[in-house]
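> What follows is a predicted structure for the sequence shown.
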Amino acid sequence: MPRFSVTARSVTFLGIAAGVMALGAVLGVLYVILSGPVHAVDQVPPALAKLIPAKAPRSVPAVAFSDATGKRHLLSEFKGRYVLLNLWATWCNPCVRELPALAGLQAAVPPDRLKIVAVNVGRSNAGETAAFLRAHGAEALSVYLDTNVAMVRAFRAYGLPLSVLIDPQGREVARGFGGANWDTASAIAYFKALPMPGPAPARAAKPARAGS
């Protein structure tokens, strides 16, 4: 029966081989992680099937809209949280049907994490819009108006409702045409799980100069 002798050289070779295999396993895991979805925005539940993630985040148009007092706003004012922009109109049946669901989502997710900006792009004034929201169980939504349809043109809304998900950096990361079940358990869980930016690293204090 042949004998096998274990030498220092063979032990060293086996150690190197094991190290190479371990490194390969680590690199394989990193490849899977890095080649997967960058963030949870891609993990859209079936209830939000119409919300299509963007291939890459893109800047949103700097177009103004009004609140109930007539004050003008830009979407950039809401940076630091997610924004769900929803363009709707009183004459749009799918828009009207989803208003209560949007209100339910806003009630379920803290506004410092998600702000729903539902903009009425019809010709109604602020009072009429507020009354319409109350009449349809959506009084939890703030009154926002775009009477000159500037947002429709800027966001190329070829149909209503249009919903655009904007990340805390102010970039569009998903959009969808048509109504959605925004207040289902899976939809609420999705928005609650979206990753928020961490606090900025504290800057190290500069050492005091000698003699100061």
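Nice, I can see it. Numbering: from 1, shown residues only.
> what's the closest non-adjacent residue to the residue nearest to the spatial centre of the chain?
For the chain, the residue nearest the mean C-alpha position is residue 167 (4.3 Å; Cα atoms, centre = their mean). Once flanking residues are discounted, residue 167 sits nearest to residue 173: 4.9 Å by Cβ to Cβ, 6 or more residues apart in numbering. Bear in mind the C-beta positions are built from the backbone N, C-alpha and C, glycine included.
> I figured that neighbour was touching residue 165, is that so?
Yes: counting by Cβ atoms under 8 Å, residue 165 is a contact partner of residue 173 at 5.5 Å.
> Tell me the spacing between the closest residue to residue 91 other than its chain neighbours and residue 198.
In this structure, residue 91 finds its nearest non-sequential neighbour in residue 122, 6.3 Å apart by Cβ to Cβ, 6+ apart. According to Cβ to Cβ, to the nearest Å, residue 122 and residue 198 sit 40 Å apart.
> The two: which is more packed in?
For residue 122 versus residue 198, neighbours defined as other Cβ atoms under 10 Å are more numerous around residue 122 (19 against 6).
> Can you list the low-confidence ranges for this structure?
1-40, 199-212 (pLDDT under 70).
> can you do 80?
1-40, 198-212 (pLDDT under 80).
> now the strands: where do they sit in it?
52-59, 65-67, 72-73, 82-88, 114-120, 144-145, 162-166, 171-177 (DSSP state E).
> With distance to residue 107 as extra columns, can I get those strands in JSON lines?
Shown next, in JSON lines, are the strands of the chain (distance: least, Cβ to Cβ, whole Å):
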{"stretch": "strand 52-59", "distance to residue 107": "25"}
{"stretch": "strand 65-67", "distance to residue 107": "19"}
{"stretch": "strand 72-73", "distance to residue 107": "21"}
{"stretch": "strand 82-88", "distance to residue 107": "13"}
{"stretch": "strand 114-120", "distance to residue 107": "10"}
{"stretch": "strand 144-145", "distance to residue 107": "17"}
{"stretch": "strand 162-166", "distance to residue 107": "17"}
{"stretch": "strand 171-177", "distance to residue 107": "21"}
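> Output these as CSV; include the columns distance to residue 133 and mean neighbour count.
Formatted as CSV, the strands of the chain follow (distance: least, Cβ to Cβ, whole Å; neighbours: other Cβ atoms under 10 Å):
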stretch, distance to residue 133, mean neighbour count
strand 52-59, 27, 12
strand 65-67, 13, 18
strand 72-73, 17, 12
strand 82-88, 10, 23
strand 114-120, 8, 23
strand 144-145, 10, 22
strand 162-166, 17, 24
strand 171-177, 21, 19
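> Would you check how far apart the residue nearest to residue 167 and residue 138 are?
24 Å.
> that older thread, so what sits against both of residue 173 and residue 165?
residue 41 (Cβ atoms under 8 Å, 6 or more residues apart in numbering).
> for the residue nearest to the centre of the chain, what are its contacts?
Residue 167 makes contact with 41, 57, 82, 173, according to Cβ under 8 Å, 6+ apart.
> Nearest to residue 190 among these?
residue 41 (9.1 Å; Cβ to Cβ).
> If we ignore the residues flanking it in sequence, what's nearest the closest one?
Closest to residue 41 by Cβ to Cβ, 6+ apart is residue 173, at 4.8 Å.
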